[in-house]
Structures are given as structure tokens and as C-alpha cells.
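Student: Sharing a model prediction with you, sequence too.
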Amino acid sequence: MRTLTFLAALGLSILLHAQTEVMQSSLPFSDGSHPTMVVAFDNAESGAVESWYKAQLKEFSNDVSHKKEVRALGARVPEVSQDTITVLCKAEQGKKSTRVQLHLAYRIHGQWIGNTSDPKLMDGAKKHAYMLGVRYKKHLLETALLAEQKTLEHLQGELANMVKEKGRAESGIEKNRSKGVEAQQEKVQAEADLKTNESAVTAKHAAMGTSPTEEEAKQFQDLVKNGTKLQEKIAKETKNSEEADQKVKELEEQVKDNIASQETKQRAIDEQTGKVAEAKKALENVN
């Protein structure tokens, strides 16, 4: 994970431009010191490198062990020989260093391949070491590319959700505007009805005199109750209108903030798209 984070921070530039080189060296293994083919990886971790190589050697051999080093017996490596060979693998990393040297030792017919070996065997061992080195770089770059693509997809998903939220807010604005208009219309009508009702109350009160009949008293009370209901309706529609207006203001602010957030998110997407393109280029040019 540390390796991928570092590569992302550098835009994968190191692996994009670094040519994979196979060097000759030697290294102490559990059964003695042997000549090796070495590939170095910057910004890597020995454990991760060694584990990956172990998995690769399992493709060439059914007898792979991992104690003090990775040991593949009876390996079939056509780049080196048509006969089965033994391959030892060990990653070497200094304390606080981010550079890993991966050593591969090849033994055929009881002899370790080194400077005094047949040049064809040396070339074959180097070819195999180079092939695995490039393959490991591709593994890192493919993993990094997938991570960058996943980040891009996440950002795009967030933007899509913002667009939906903006749409819902705009729909809410129209809905609440309609509610506000309707409430205002209902209020105006109720106010007009209240004036009519107040006039009717005044007229009825004058017409009843001091000794109203039971029916006149009932009609008067009905007018008073109706007036109370109209006053309550006016208060209710006033509140509905104010709440609708307030909701419209809140939603308009949300839309404004949403637009600003979309612009910020789009810039992040554009930047991440560049990172994905860079990761793809690095993968295409690894060598």
C-alpha cells in the first residue's frame, strides 16, 4: 500500500521512465552464497516483492517452499533451459531504505549459473529475470491504475448525486412556489369572505333587535362561528405562505451551494482523469 501511495504521489513518473536492468551479483542463501541475477525496485517493500515472486515461481514449479528464502525445485523455465532447474529467490532491503533488490539464483545440473557459466545460460537467466521484473512493474502499475480508476468513478458518482440533488431542489422550489401562490390566493379569498361575513354579522345584529327569535339567534351564532373559522383560515394560509417562501429561499441557497460544489467536484474529476491517463501511459510504456 505504501508503494502504491508513493507512486500515485509521483504520478508514476519513476516507473514510466526507468528501464528495467538485470545486474549480476551474489547473495548468501540458507545453503551458501550463490551468484544471482538482480532486479532493483525503488519505493517498494521486500515482503510484498518476495510474495509476488513466490506466486510467479509457483507457475513454473509444483515444489515451492518459503522459509529463509523462496525455493522452487524442478522449475521449468524455457528461457534458461528445457531441463528442470532450481530457482532461489530472496528480496534484500536496507534499513529505512525504499529500494528493494530482488535476487534470483538459478541452478542447472548441479551448477549455479554465474560469470563462468555457458553464455547461453547466462543470457537465459537474465532474460527470465528481466521478464519477471517487467511483469512485477506491470502488476504495480495495473494495481495503481485500478485504484486511480476507482477514485475517478467515485468522484463521478458523487457528481451524479449532486446533479440529482440539484434537480430535486429545483423541483422543490417550483412545488413550494405553487404552494405559496395557492396559500396567498386562499388567504385573499378568506379575507374577502371575512369582510362579507362581518357585514352580515352587523346587519343580522341590527335586524334582531333586543328580542331575537330562536332561529335569528341561531343564524347570528352561525355567522359568528363562520367568522372565527375564516380568521383561523387566514392565519393558517398566512403561515403556509410564509413557510413556502422560506422553503423556496432555503432550496435556492441549496442550489447555489450545489452548483459551486459541482464546479469543485468537476475540477477534481478533471485532475483525476489526468491521473488515470498518466497511469495508463505508465503501464503502456513500462520496460
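Tutor: Structure's in. What do you need?

Student: Okay, now the unreliable bits of the stretch 1-150 of the chain?
Tutor: Scanning the stretch 1-150 of the chain for pLDDT under 70 picks out 1-18.

Student: can you map out the helices along it?
Tutor: Listed in chain order, the helices of the stretch 1-150 of the chain (DSSP state H, counting those that start in this stretch) span 2-9, 13-17, 46-57, 119-208.

Student: got a markdown table for those, with mean neighbour count too?
Tutor: Using the backbone N, CA and C atoms, a C-beta is placed for each residue, glycine as well. As requested, the helices of the stretch 1-150 of the chain are exported to a markdown table (neighbours: other C-beta atoms under 10 Å):
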| stretch | mean neighbour count |
| --- | --- |
| helix 2-9 | 16 |
| helix 13-17 | 15 |
| helix 46-57 | 18 |
| helix 119-208 | 16 |
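
Student: Please identify which of those helices is closest to residue 36.
Tutor: helix 119-208 (8.7 Å; C-beta to C-beta).

Student: Which other helices and strands does that closest one contact?
Tutor: With contacts taken as 3 or more C-beta pairs under 8 Å, 6 or more residues apart in numbering; DSSP states H and E, helix 119-208 sits against helix 2-9, helix 13-17, strand 32-41, helix 46-57, strand 100-108, helix 214-285.

Student: Can you say which of those is nearest to residue 164?
Tutor: Going by C-beta to C-beta, the one of the helices and strands packed on helix 119-208 nearest residue 164 is helix 214-285, 10.1 Å.

Student: For residue 84, grab the count of nearby residues.
Tutor: 15 (other C-beta atoms under 10 Å).

Student: ok, it touching residue 76?
Tutor: Yes - the criterion here is C-beta atoms under 8 Å, and residue 84 meets it with residue 76 at 5.8 Å.

Student: Take the helices of the stretch 1-150 of the chain and write them to a markdown table, including distance to residue 281.
Tutor: As requested, the helices of the stretch 1-150 of the chain are exported to a markdown table (distance: least, C-beta to C-beta, whole Å):
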| stretch | distance to residue 281 |
| --- | --- |
| helix 2-9 | 13 |
| helix 13-17 | 7 |
| helix 46-57 | 23 |
| helix 119-208 | 10 |
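
Student: Of all these, which one comes closest to residue 94?
Tutor: That would be helix 46-57 among the helices of the stretch 1-150 of the chain, by C-beta to C-beta, at 9.7 Å.

Student: one step back: how about the helices of the stretch 1-150 of the chain, which one is nearest residue 93?
Tutor: Closest among the helices of the stretch 1-150 of the chain, using C-beta to C-beta: helix 46-57, at 4.0 Å.

Student: one step back: overlap in contacts of residue 84 and residue 76?
Tutor: By C-beta atoms under 8 Å, 6 or more residues apart in numbering, residue 84 and residue 76 have no common neighbours.

Student: circling back to that earlier point, any idea which of the helices and strands packed on helix 119-208 gets closest to residue 161?
Tutor: Closest to residue 161 of the helices and strands packed on helix 119-208 is helix 214-285 (C-beta to C-beta; 9.7 Å).

Student: For that closest one, which helices and strands make contact with it?
Tutor: helix 13-17, helix 119-208.

Student: Distance to residue 60 added to these, as CSV?
Tutor: Below are the helices and strands packed on helix 214-285 laid out as CSV (distance: least, C-beta to C-beta, whole Å):
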stretch, distance to residue 60
helix 13-17, 25
helix 119-208, 9
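
Student: And those helices: which comes nearest residue 101?
Tutor: Closest of these to residue 101 is helix 119-208, at 11.1 Å (criterion: C-beta to C-beta).

Student: How far does the closest one sit from its chain's centre?
Tutor: Offset of helix 119-208 from its chain centre (C-alpha atoms, centre = their mean, to the nearest Å): 17 Å.

Student: same thing with stretch 274-284?
Tutor: Put simply, stretch 274-284 sits 17 Å off its chain's centre (C-alpha atoms, centre = their mean).

Student: how about that stretch: buried residues?
Tutor: Buried residues in stretch 274-284, counted by 16 or more other C-beta atoms under 10 Å: 275, 276, 278, 279, 282, 283.

Student: likewise stretch 88-97?
Tutor: The neighbour-count check on stretch 88-97 (16+ other C-beta under 10 Å) flags 88, 89, 90, 91, 92, 93 as buried.

Student: Can you name the two of these that sit furthest apart?
Tutor: 88 and 93, at 17.0 Å, using C-beta to C-beta across the buried residues of stretch 88-97.
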